[in-house]
Structures are given as C-alpha cells and as structure tokens.
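Q: Could you look at this predicted model? Sequence included:
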6 protein chains.
Amino acid sequence: MSYQYIRISQPAEFVAHVELNRPDKLNAFIPQLWTELGQVFKQLSTNPDVRSIVLSGAGDRAFTAGLDVVSAGQWMGEIASLPDTARRAVSMRRHILEMQDCLTVIEKCEKPVICVMHGISFGMAVDIACCADVRVCTEDTRLAVKEVDIGLAADLGSLARLPKIVASSSWVREVSLTAREFLAPEAQAVGFVSRVLPNKAAAVAYALDTAKLIASKSPVAVQGTKELLNHSRDHSVPESLQYTAVWNAAAIQSDDVQAALLSGMKKTTPKFAKL
Amino acid sequence: MSYQYIRISQPAEFVAHVELNRPDKLNAFIPQLWTELGQVFKQLSTNPDVRSIVLSGAGDRAFTAGLDVVSAGQWMGEIASLPDTARRAVSMRRHILEMQDCLTVIEKCEKPVICVMHGISFGMAVDIACCADVRVCTEDTRLAVKEVDIGLAADLGSLARLPKIVASSSWVREVSLTAREFLAPEAQAVGFVSRVLPNKAAAVAYALDTAKLIASKSPVAVQGTKELLNHSRDHSVPESLQYTAVWNAAAIQSDDVQAALLSGMKKTTPKFAKL
Amino acid sequence: MSYQYIRISQPAEFVAHVELNRPDKLNAFIPQLWTELGQVFKQLSTNPDVRSIVLSGAGDRAFTAGLDVVSAGQWMGEIASLPDTARRAVSMRRHILEMQDCLTVIEKCEKPVICVMHGISFGMAVDIACCADVRVCTEDTRLAVKEVDIGLAADLGSLARLPKIVASSSWVREVSLTAREFLAPEAQAVGFVSRVLPNKAAAVAYALDTAKLIASKSPVAVQGTKELLNHSRDHSVPESLQYTAVWNAAAIQSDDVQAALLSGMKKTTPKFAKL
Amino acid sequence: MSYQYIRISQPAEFVAHVELNRPDKLNAFIPQLWTELGQVFKQLSTNPDVRSIVLSGAGDRAFTAGLDVVSAGQWMGEIASLPDTARRAVSMRRHILEMQDCLTVIEKCEKPVICVMHGISFGMAVDIACCADVRVCTEDTRLAVKEVDIGLAADLGSLARLPKIVASSSWVREVSLTAREFLAPEAQAVGFVSRVLPNKAAAVAYALDTAKLIASKSPVAVQGTKELLNHSRDHSVPESLQYTAVWNAAAIQSDDVQAALLSGMKKTTPKFAKL
Amino acid sequence: MSYQYIRISQPAEFVAHVELNRPDKLNAFIPQLWTELGQVFKQLSTNPDVRSIVLSGAGDRAFTAGLDVVSAGQWMGEIASLPDTARRAVSMRRHILEMQDCLTVIEKCEKPVICVMHGISFGMAVDIACCADVRVCTEDTRLAVKEVDIGLAADLGSLARLPKIVASSSWVREVSLTAREFLAPEAQAVGFVSRVLPNKAAAVAYALDTAKLIASKSPVAVQGTKELLNHSRDHSVPESLQYTAVWNAAAIQSDDVQAALLSGMKKTTPKFAKL
Amino acid sequence: MSYQYIRISQPAEFVAHVELNRPDKLNAFIPQLWTELGQVFKQLSTNPDVRSIVLSGAGDRAFTAGLDVVSAGQWMGEIASLPDTARRAVSMRRHILEMQDCLTVIEKCEKPVICVMHGISFGMAVDIACCADVRVCTEDTRLAVKEVDIGLAADLGSLARLPKIVASSSWVREVSLTAREFLAPEAQAVGFVSRVLPNKAAAVAYALDTAKLIASKSPVAVQGTKELLNHSRDHSVPESLQYTAVWNAAAIQSDDVQAALLSGMKKTTPKFAKL
C-alpha cells in the first residue's frame, strides 16, 4: 500500500520506521493523516517482516503540532449545519470515536512501538505518544496537553492514558488543567520519557538501536510481553495472572524457547521463525 | 451561608480561597469542621462565580493536625455504650462513610482544587490532600500517614488514593506501615507534591497564581478535564475513551471553542460565559 | 515444620527472617523451593508470634538467579510427551497457575514483607520482589526482567504487578521488552526500591530495623493497612472506600486503640495482644 | 420532619408505610416530590424504629404516572435560556444526576423496601420499582418504560437496573425500545414482580405481611442480607465473597445470633435490640 | 455496495431486512459471509435511512447451520502448516478475534436488530442471535450450542453473552456442555426468544411490525436506549447511571422531544429528522 | 485417598459420584466434612479418569440440613474467648474465607458438576448447589436460604451467586430476606433447577445420564466450556471474548477436533485422550 502523508522505511532487518510526513505543516493532523496512521499500524501489526517500530515526525521542527486548524474548522462548520443538538452530538461522537480508534491502533499493534518526540509536540503529539510502548525525546522538545487552550477537554486519549503511565497525579492534573508547556527535562523527571537525547538524529539512532535490540529477541516472547503489559494496565492483578497463564500455555510451546536457550549457552545469535 | 470553622474569600475573579479555620487547635478536625468542609465544596461545585479553588489551613503552624483527640474520644465513648459488636459496627461504619463522603466532596467538586500544605500535616491532612487536584507544600511541612500510631488503619481515603497518585508502591507502603514522618523534599521526590515553596505566603501566592491561570481558561474545558481525569483513575482505558467521546459530544458545542480560537489568533483575553 | 531450601529465623521479637537457601546454585528455583516458599508464607501469615518479615537470599552472590535451568528442562521434556497441543496447554497452564499461586502467597501474607535484593536478581527475583510490600537492595544488585531472553513472556507476575508499583510505563516496557540489566541506582530512580544500601549486611540490617519498627505497632493496624493497600491496587476508589469502612467497623473495636493512645500520651511502649 | 407530598405511617411495629401522595395528579413527579422521597428514605435508613418499608401510591388510579409534564416543561424552558449547548448540557447533567440520586436513596436504604405497584405505573414508576428489593402489583397495573414515546432514552435508572433484575434480555429490549404497555401477568412471567394480587387493598396487605415477617427477623441479619445483595449485583463473585467475609466478621458478633438460636429451640419469638 | 451472500431490502420506510443468503448451503458460514455480515451492519449503523433492522436467513430450511465444514477444514489445514505451536496459536487467535469482531458489529450497530430464527439454527446461529436486541423464532426452529460436538468450546460469543441474556444458569450450562438440541418452546420458556410464531412468514411479519413500530419512534431516543442497554450489561449500576446522565445531557436537547410531546397531545404521528 | 464423610464411586467410565455421607445427621456440615469436600473436588479436578461429576447427599432425608449446630456452637465459644473485637473479627474472617474456599473448589473444579438436591436442603445446601454447573431436584425437596433465621446474613456464597444464576431479583431478595421455604416447582419456575424428578433414585439416574453424555464428549471442549462460562459470569463481554480467543488458540490444536469430526461423519463413538 502507498500513503500520502506517512513515510515507511525499513532501516534494519525486522525494524520499521514510520514517519508522520507533512513537514511543511508541522505534521499537523488532517483526516487523511490519522486514517493513514491507523492503516499503517494495522498492517504492520501482522506483517511478519516487522518486529519493532520507530515512530517519529518528518522534518526538524515538529513531531506534530497537533490538529490542523483549517481542517478542524471545516469539520466544525459541517457539524453546525445539522438540525439539532442531539444530531450534532451523534455526529461528533462518531467522529471522536473514529479518531480515537485510529490512534488506539498503535497501542493494539502487536509489535512494540518506540516514539521519538522532537520540536513542537503539542496536543495530539501527547495523545499519540501515550499509545506507544517506549517514549524518548530530544532536548529541544516542547510538549503541552494543549486542548484546554482551545476551549475543550482533551478527547483523544491523553486524559485516559497519561495518568497511567507517569508518576505524579499532581503533575498530570497541573499540566492538563493549565495547558502550559513543559520541556524535555521535566518530561524525563516525571517518567513520561525514559531518555532525552541531544538532537533528532541522536534520538532516532537511539530508538533504532532499541528497536534492533528488541527485533533480535524471540518475536513470540516480545509480542506476548506487549500484550500482557497492555492487559495488566486495565485489569486487576488476579485477572492478569489468569490471562497470562492461558496465554503462555500455548506460547511456551514455541520453537523459540529451544532456540533462545541454545544460543544463550553457545553465545550465538538465535534465528527465529517469522510471526 | 456562613460557617464557623471555614473561612472563604475571593482573592481574585473566579478564584475562591478556602481555609480550615480552627488555628488555635492546629485546625484539628471535629465533626462540625468536616461537615462544613463538605458543605463548602458542594456549594462551590456549582457556584458560577468560582472556577478554581485554593485550599489551605489558617494560621502558621499547621495545615491540620488531623482528627481532634477529644472529639474522637467522645465518639468512641458513645459507640462503646451500644448493646453488641454488630450494632457498634453498624454505627462506626455509618460514621466512617459519612466522614469519607465529606472529603470526597472535594474530589467531586466540579472546579479544580489546589491544596497548600504547610507545617503539621498529619493523618486527615493526607486524606484531604489526596482529594485535591494539585498539591504543593512549604519547606517546613511535616507529613505522616499517622493512623497506625493510634492503633488503626487509615480509613478516610489515604490508603485508597495515595497509591494511585504517586510513583512508588514501595514508598507508599513503607510510610503507611511505619507511620513515620516525611518532609517536603521527599514528598516532591515521590511526586506527592509538584512544587515546594519556601514558606506559607509564597506557597499560597503560587497556588493562587495557578488558580488564576486555570480560571482564565474556558470553564467548559477545565471542568471537563477534571471530570475525565477523575473518571480515568477508576476505569480502564477503553471505558474512559468511550466516556470521553460521549462527554465531549455535547461539550464541544460550546461557544467557548470559538472564543478561545479567536482570542488565540488575536492574542486577546477571551471572556467565557459562567458555568 | 522443617524446610530443605528455606531458612527461617527470628532475629527479633515478632520479626521473622526468611532466606532462600540454595546458595551453591545461586538460589535458583526448583519446584521444591517454590512449594516451600508458599508453605512458609502461608504459615507465617497466621502465626501470632510474627508481625513482620524480611525476605532475602542466602549467600553473597545472588538473591536468586531465577528458574533453575536443569529443572525447567526436565519439566519441558515431560510436557513434550503429552499427546496433543491442547493437552500440553492444559498441563502448562496448571503448572504456571501453581507457581503463580506460590508467589502470590507472599502478597496475601497478612504480615508485611520487606524484600532485600542483592547480587544476581534475575527473572523470578523480580516476580517475587513485586509481591513484597517494601523493596530495598544493595549497591551490587543486578536486576533484569529476563524472560524474553529465553524466548517467553514473563508469566509469574512481573508483567501484572510491575506497572502498578513503579513510576514510568516507558521504563517498564523498555526493560521488559529488551530484557536488559538495570542496576541499583536505576531501580531507586524509578521507585522500584525505596532504598539502596552499600552491601548485603547493611541492607539486611536496615530491613530488620524497618521490620522491628513495624512489629512495634499495633498488629491490628498494620495488618489492616496491608490488606487495604492490597485491595486498593485492584479496585476503584469508591469500592475501596466502602470496603475500608466495613473493615474498620470491626477493627477499630480493638483494645489496641486504647493501648496506642495511652502509650502516645505517656510516652511508653504499648503492648499489643497477639494476632 | 413533615412532608407535603409523602405520607408516612407505621401500620405495625418496626414497619413503615410510605405513600406517594399527590393522588389528584396521579402522583406525577414534581421536583419537591422526588426531593422529599429521597429525604424520607434517607431518614428511614437509620431510623432504629423501622426494619422494613412498604412503598405505594396514594389513591386508586395510579402508583405514579411518571414525570409531571407541566413541571418538566418549565424546566426545559429554563434550560433553553442558557447561553450555549455545553452550558445547557452541564445544567441537564446536574439535574439528571440529582434526580437519580433521590431514587438511588431507596436502593441504598439499609432497610428492605417492598414496592406495591397499582393502576397507571409508567416511566418513573419503573425507575422507582427497580430500586426496591421486592416488587408486587395488582391485576389492574399498567406498566411501561415510556420514555421513548417522549423522545428520550430513560435516564433515571430503568435501563441500568432492569436488565439485572429480570429474566430475558430480549423482553427488556423489546419493551424499552417500543415503549409499549405490559400488564401484570407479563410482569410476573418475566420475574419483574414476584406476586400479582387482585386489587390494591390486597396488594398492600400482602406487602405489609411480608414486611412484618422481615421485621420479625434479626435486623443485623436482614440489613446485612440487603447490603450483600446490593454488593453482589455490581461485583464479581470473588469480590463479593471477600466483602462478605469482612462484613460478617463483625456482624456475627451480634447478640442476635444467640437470641435467634435460643428462640428457634424454644419456639418463642426473639426480641432484638434496635438498629 | 453489493454483496454476494447477503441480501438487503427495505420493506418499509426506515426498516431494513438483512438476509443470510446462501440457502443451498443452509446459510453455512464461509469467510466471505461473515466479512460481508460485518460490512453490512457497519454500514447500516450510520445509514440515516435505516432506524431498525430485521435479520433472518434466506430459504426455508435454516437460519444458519453454522460454520461451513469444508471451509473450516481448509483453514485448519493452513494453520497446521505453520512452524510451531506458538505461531499456530497466534494465527488462530487472530482468526478468532476477526470472526468475533464481525459478529460484534451487530451488537454495536446503533440501530436495534430483531433476529428471526427458523429451521436449523446451530452453532453460529446462537452466537449471532445473542448479538441482536430482540429474538423471535418459528415453531420448527431447532437450536443448539453445537461446538462441543466438534471438539471445541464455543468461541464466537455464545458463552460470553448467553448467560447474560437468559434466566437460568443451570439451563445455559446444561445445553452448552451437552450440545443437545432445544426447540422453540424451551427457548421461549428460558427467555432466549420473546415470541414463537407458527412459521417463517409469520415470524418475519411479526419482526417487521416490531421494527416498524420502533422506526416510528424518535431515532435519538431509540438509539440512545440501545446504547445505554449495551452499556449497562457490562458495567455496575453506579457507572451506568453516570454514563446515562452524560449521554442524555446532549440527547435531550433534541428537537425530537418537542415533536414527540406535541404529537402525543395532538394524537398525530410525529416526523423526526434523520440520524 | 480415603475420606470419612464423603463417599466416592465411579458408576460409569469417566463419571464420578460424590456423596455427602453423614446421613444420620442429615449430612449436616462439620469442619471435617467441608475440608474433605474441598479435597475431593480438588483431586477430581485434575484426575484424568474423571470427566463429569454427580454430587448428592447419602440417605433419603436430606441433601444437607446445613451447618451442624453443635459444631457451630463450639466454634462460637472458641471465638468468644479471644481478647478483643478486632481479634475475634480476624479469627472469624479467616474461618469464613476458609469455608468459602472449600465450596469454591466445586466451582473451580475443571470437570462439570451436576448437583442433585433432595429432601431437606437448607442453608449450605443452597450455597453448595450454587457452585455446581447444573442443578436438579426431587419433588420432595425443601429449600431455604435459612441464615436470616439464625441471626446472620448468608456468607458462604448464596448471596453472591444466587442473583447471577436465576431469573428474578425480586424473588431472590424475598426468599433471602424472609428465610421462607420454597419447594421444587418454585425452584424450577425461577430457573434455580432445570429439572424436577419424582424421587431421589430418578434424580440420580437422570443426573448420571447427563454426566455420561457430557463424559462422552471431548474433554478439551467440555472443560474449556466450563472455564469460559465461569469467566463470563464475572467479566464484561469484551473481556470474555478476548479471553476466549486466547484460550481456544491452544485448545483448538487438539486431536479431539479431528476425532470428533470423523466420528460425526462416520456415526461412530469417538475416543479421546485423557485430560
């Protein structure tokens, strides 16, 4: 498949690099962009030649500036023409759920996703990064849960996911309620990103190295680990333990266990079948 | 309405300052104080002239020393006179639920609450602070989950909320099981407070500035953000996303979106209708 | 009862010290070891002479190196001889659930558990530490969520519990997906351990001091605190508040409240009945 | 306390009879009526002279015809005057939650409630009946989940509770989606009511007999039973079992157990302390 | 769009009739059929000219005989060629989730679905019927939760949904564990269907009448009712009440409320805008 | 293993018959009986020679009369001697949880259990029957949720499970709050039992026939069906669907699928490997 606003490359065996590719507009989101984003990650999820994914923005100025204002304005206009409040609400709800679903595809993607944030990273930048597994950023990254500044509560996932992936509720509520910017060191201090790199080249290189490391492991083990971590966020510990046992009852019957054990003893690099 | 043990002032447009006002007793809690606290926040919740709230203790020595020992003793005496264990248990359960409900009003208050802790901040101080949205404290703040030292498990919310708003379970359990004091820097390191200020005046000033900033934003956006953060703490991500879409389907139809967008372009200060 | 691979001592009144005791094999886990571990904590849970527990590994080199490879290999062989995939899956699921149950006994143990990690602490070391209440380690501790390196997703609790006891989801996923080692300072920075001590002797001494402090408090209060913290991790705040009120309705009717209050006033050390 | 639209009587020791008392308007609901209804059941919940409650409508023609149309119209008018959709939504949401809370008081009332439906029983009649413990009706009862006929989805509890208290989802959805009337025999066949009586006098007499029977039992046992049934509807079985054990740990220490056992052997009527 | 194995007609204004259309094979399911089924209901969900849907099978002999055995055999063969158990498991899991998703589209369809079962209705017939809102059948309907008879547990939804839509757990488990047939009267007695009609023509006619009745109501009210019933099945009552209030805060602002009220007074038929 | 108060026989291949065997005491429960009951079902759960189980009481007069009054009195006496209310509560809670766990073993037993009730079936009789998969009874069965009559709320599972396995909440609450007897026809009408037989011999024969039918099916399919039904009772539909897909991904790889399909075509009786 070919995409207009997404660039996909394969910088190493089993590693895909996905770039938001609308750099002249600071990678701001129009409907086609989020639709393509969902399609790309849905396809990568079951692509046997991909075992880990790096996600970044094209260009130097922004990971993404968030929602494209022109596009959003058009949509608001169409909604406004509907006959009554209830029908406008139905139309908006469908639209929000559709956008949420496109981003959730990243979270549900069976392969781990490492998100590199850089430059302007406002609004949807945070929504998207929250769907990734690992987050890193550059020293010049400027972040904000920006939605309050345009008169609405963030509705694409930041308020649902951010409190479950960082340390301090007091900090989450402060930045969400004030929409103020926060920079790379603060993002690292609260655990939102696990590494800050000097610039975009270094950040992408670090992310690719991590992706290659993950891609060198058993795909049965890696994809199982992601699935079980996704599950545990939304369930109690007893439920997660039970689900884990059922999951691994099949997964442990993989040839990968033998291959991994043998390689560990022989200090060789194991080869794993595709998945 | 007028209150005996709570002081309410309006230091800026749309900002309320609520003070626990029993300073000669270190703001220790008697039944009238927690009843009034619940009434105040219930009233502020729908008061259209208030958009954010600062909560602190009156006097310099304590945010609050926790439960008033004399008052607690009287209540224990009344309970002891009941005919059997089951009836004593019913009476206690009703009493605990009633106290919990008074504090939960702070959490359910539709307007964000910034809690300033200072000086002695033991027992109920932590229960109450956990119900606020943002927490700051002064350098002289002394904190403790004190209940184990009087022979009981904390039952007004600290054990339910604290693990969900700070970083480290190991730390939460250590301070809860030993009842040891911890000071401002430790509170900041684990993310319990998001800022430490030199003294009470500075802390209240900082809190008011944050409250004014929040009050300058769209109240539809701010109150929606608080509600959605409250919801996400207690629900899975898919449930929160669905609830968010339903919530915003009406909320986005606000005049505030236009006002905020226009002001953003014109660099003016938007005016929002009351809420 | 007497155990082959577990050593139990009572270094202070009301304090038990449990040691994984297979030091020549780096305390690696064979079926008898995890069975005994479950039995020990089940027995300590209701032993009235124990109020807090320190858990460490015997020997200087390792808390535990995780699953014993020889033993695991035997079990894999037995499974392989079963007639079909579905029957192998049933056998594995039963086996995983049984191992999980043995570790969960530590979490369910009514007395708080302080885990001292030291030296090699791989795989099951993390699974076990996640079940403890408080975690500390030595400067030489080497940790890893090691399972991906042997071709499987961790299934004894790390993926279920770790995200709920530390700060940063990005960090949890990175170490779980790469299986890379992390050392003591990193473990403290993310809140996995709440203290790093110079060596094993110092770490055990610190843990025993904390255990003695906890053992000096009302056992009704301490055990209630642990139970309520266990409950709150897996439930919403409203459910935890309700459960807490029901729990304390009986627990507050303890003689310990009087004893604690009196001792607090008289500055004496309270004596509490066994539990 | 005295009420304008509710009549309370005490037809037998420990039994209260609550009547909706606006018979000339078919007991249609205006704000004062639902406010009083909430107050009455909140007060009865902890009134030690009441152990069970019968709820019916005054007059012969209706249990209740539902929401008063004039009153609803006024409220719709007030809402319509608010500045934008988001602010109208906030006002409506607060209003719906307030009405829901008044009805939920019946469910949370610690004493069992037996609801007698008769004649017209539309809309709020079903919402209210769903909050009671036991439901009976007369042969002339006409029931409907009426809200779809006035252009809205039922929002006072029928859609939340009805599917959890009757047999057939297919039936629930059919009557909720069509708003069609259903009569007493159908209500009994699907388990919505557990008894149909010939007329109102017989139905109230039967309900009072059941209430007297319940009032003759240990109030510790009866109120515990209601609480545990309320809990189990909204929780998994393992959670309910745990909650039950904690609840009964105090409740079994009641003098009522001895009194009940002794009376059982001696064939006498036990006397229980108030609760 | 045009479909090979689904027939769609519009027998009345706002009413769609969907037929499984592979009658020469007893409407047995091949991949294209379930894919088309999902596409059809996804499209109808937001089609403004449809307000209610009848689902039946084409031909006289079967609603559906379930999974097509030839097609299932081919798929089993493909799976068997994969390199190891873990990879076979991944492939199967993806396949099952994809089939489940196609059926779940019926449940998530915003418009109510009335399912007419007739003749052979085995396996997937029950899975599908459980996703509908209202179920009716003919006197000659033969039903079975058939999967145990082919050596597997039902995995397309019957075991998840059936216990939540009928009366008796004992009955559900008996028919699920034995795979025995049950006929129309038994299906009605346990509440699985809410009506039994003499033959297919009568059953379709009855279903269309019900669909027309639903289509004559406010679509805002009807679609809200379905959504809230879907929500309440999977949530506690307090959560459903909160969600309901948020939902209706927008929905009540519909023009349909006025239209419905006016028509009610004037005894005319209201006209509602599309949705 | 041999048991004093339980009789186990194997009336047919793969079918076990478990009898409560204390007939001279109406099978009333003493600690040894419930301990043995738990042991028996735990052992049968993984016994490969058993595929389904019938549970009944020995003797003609009672399935079980419930808790043995003498034994209960002794225990109450021991509890009474403990130092304070909190310690008595701890002791009771442990005791209740232990009894609950013994009964829950029946529910968790991997093989389906068919419970035959007959004669006196009070208190624990209902608790136990609720743990079985299928329930039948004789015409002379006398049932009661008896606990309120001895001054306590039922705490061994009836209040947790009964509302989830029968039709009418109104009926459940009425019999639980009044402790009144109900007979076989009423038990069948509400779906508590799925069949009433003329006498004990006929009931046991019917249960054995059902057990034999189940035992003739694939044990992989049957045990998976029970597990998935257990899961779905306590989880939302989306969670159950996900769990089901993970479960079946391994289970479908069974040789039983081929064996069942072949036998279906050839009209022969399939042979399945043990499980």
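A: Alright, I've got the coordinates.

Q: all contacts plus neighbour counts: C-alpha atoms, from now on.
A: Fine.

Q: do stretch A:176-186 and chain C meet?
A: No - legend: contact between stretch A:176-186 and chain C by CA under 8 Å from any CA of the partner chain is lacking; minimum distance shown is 13.1 Å.

Q: do stretch A:53-71 as well
A: No - on the criterion CA under 8 Å from any CA, stretch A:53-71 is out of touch with chain C, staying 12.7 Å away.

Q: Name the residues of that stretch that are buried.
A: Residues A:53-59, A:61-68 are the ones in stretch A:53-71 that count as buried (16 or more other CA atoms under 10 Å in any protein chain shown).

Q: Just these: which are in strands?
A: Of the positions in the buried residues of stretch A:53-71, A:Ile53, A:Val54, A:Leu55, A:Ser56, A:Gly57, A:Ala62, A:Phe63, A:Thr64 sit in strands, assigned by DSSP state E.

Q: Among these, which pair sits farthest apart?
A: A:Ile53 and A:Ala62 (19.3 Å; CA to CA).

Q: Secondary structure element for the closest residue to chain F within the stretch 151-275 of chain A, which one?
A: Sorted by distance to chain F under CA to the nearest CA, the residues of the stretch 151-275 of chain A start with A:Ala250, at 5.2 Å. Secondary structure assigned from DSSP states H and E places A:Ala250 in helix A:237-251.

Q: Next, see if that helix gets close to chain E.
A: Yes - applying CA under 8 Å from any CA, one finds helix A:237-251 in contact with chain E at A:Ala250, A:Ala251.

Q: next one: stretch A:212-229
A: Yes - for stretch A:212-229, a contact with chain E is found by CA under 8 Å from any CA, at A:Val220.

Q: Pull the contacting residues for the residue of the stretch 151-275 of chain A closest to chain F.
A: Applying CA atoms under 8 Å, 6 or more residues apart in numbering or on different chains, we find A:Ala250 in contact with C:Thr85, C:Ala89, E:Thr85, E:Ala86, E:Ala89, F:Ala249, F:Ala250.

Q: which among these gets closest to D:Cys102?
A: Checking the contacts of A:Ala250 one by one against D:Cys102 (CA to CA), the nearest turns out to be F:Ala249, at 48.3 Å.

Q: and the closest one, how many residues sit next to it?
A: Using other CA atoms under 10 Å in any protein chain shown, F:Ala249 is surrounded by 28 other residues.

Q: What separation is there between the closest residue to A:Leu213 other than its chain neighbours and C:Val172?
A: Nearest non-adjacent residue to A:Leu213, counting by CA to CA, 6 or more residues apart in numbering or on different chains: C:Thr178, 6.6 Å away. In this view, C:Thr178 and C:Val172 are 10 Å apart by CA to CA, to the nearest Å.

Q: Equivalent analysis for A:Lys267, please.
A: A:Lys267 is 26 Å from C:Val172, by CA to CA.

Q: Can you pull out the low-pLDDT segments for chain A?
A: A:1 (pLDDT under 70).

Q: of A:Lys267 and C:Val172, who's got more company?
A: Counted by other CA under 10 Å, A:Lys267 and C:Val172 do not tie: C:Val172 has more neighbours, with 23 against 10.

Q: For the more buried one, list the residues it contacts.
A: C:Leu162, C:Pro163.

Q: Name the secondary structure element that contains it.
A: Using DSSP H and E, C:Val172 falls in helix C:169-178.

Q: Next, A:Ala86: secondary structure please.
A: What DSSP: H, G, I helix; E, B strand; the rest coil gives for A:Ala86 is helix.

Q: Please tell me how far it sits from B:Ala249.
A: 9 Å.

Q: Then A:Ala202?
A: 41 Å.

Q: Write out the residues of the stretch 151-275 of chain A neighbouring chain B.
A: Counting by CA under 8 Å from any CA, the stretch 151-275 of chain A sits next to chain B at A:151-157, A:159-161, A:163-164, A:166-171, A:173-174, A:176-178, A:190, A:233-235.

Q: For the stretch 1-150 of chain A, which segments are assigned as strands?
A: Using DSSP state E, counting those that start in this stretch, the strands of the stretch 1-150 of chain A run over A:6-12, A:15-20, A:52-57, A:62-64, A:113-117, A:120-122, A:134-138, A:142-144.

Q: Contact partners for the nearest residue to A:Asp101 once chain neighbours are set aside?
A: Distance criterion CA to CA, 6+ apart; nearest residue to A:Asp101, sequence neighbours excluded, is A:Gly38 at 7.7 Å. Contacts for A:Gly38 (CA under 8 Å, 6+ apart) come out as A:Asp101, A:Cys102, A:Leu103, A:Val105, A:Ile106.

Q: again, but for A:Val126
A: A:Val126 is in contact with A:Leu143, A:Ala144, A:Val145, A:Ser158, counting by CA under 8 Å, 6+ apart.

Q: Repeat the analysis, applying 10 Å as the threshold.
A: Going by CA atoms under 10 Å, 6 or more residues apart in numbering or on different chains, A:Val126 touches A:63-64, A:66, A:117, A:143-146, A:156-159, A:161-162, A:192.

Q: Please report how far it lies from chain E.
A: 25 Å (CA to the nearest CA, to the nearest Å).

Q: The stretch 51-200 of chain A against chain C: which residues are in contact?
A: Residues of the stretch 51-200 of chain A found near chain C (CA under 10 Å from any CA of the partner chain) are A:112, A:114-115, A:130, A:132-136, A:162, A:164-168, A:188-195.

Q: what does the stretch 101-250 of chain A put close to chain F?
A: Contact residues, the stretch 101-250 of chain A versus chain F (CA under 10 Å from any CA): A:His231, A:His235, A:Glu239, A:Gln242, A:Tyr243, A:Thr244, A:Ala245, A:Val246, A:Trp247, A:Asn248, A:Ala249, A:Ala250.

Q: from memory the fourth one sits against C:Gln100, does it?
A: Yes - the pair A:Gln242 and C:Gln100 passes the contact test of CA atoms under 10 Å, sitting 9.2 Å apart.

Q: Now do the shared contacts for those two.
A: C:Asp155.

Q: With neighbour numbers in mind, choose between those two.
A: Neighbours were counted for A:Gln242 and for C:Gln100 using other CA under 10 Å; C:Gln100 has more, 22 against 16.
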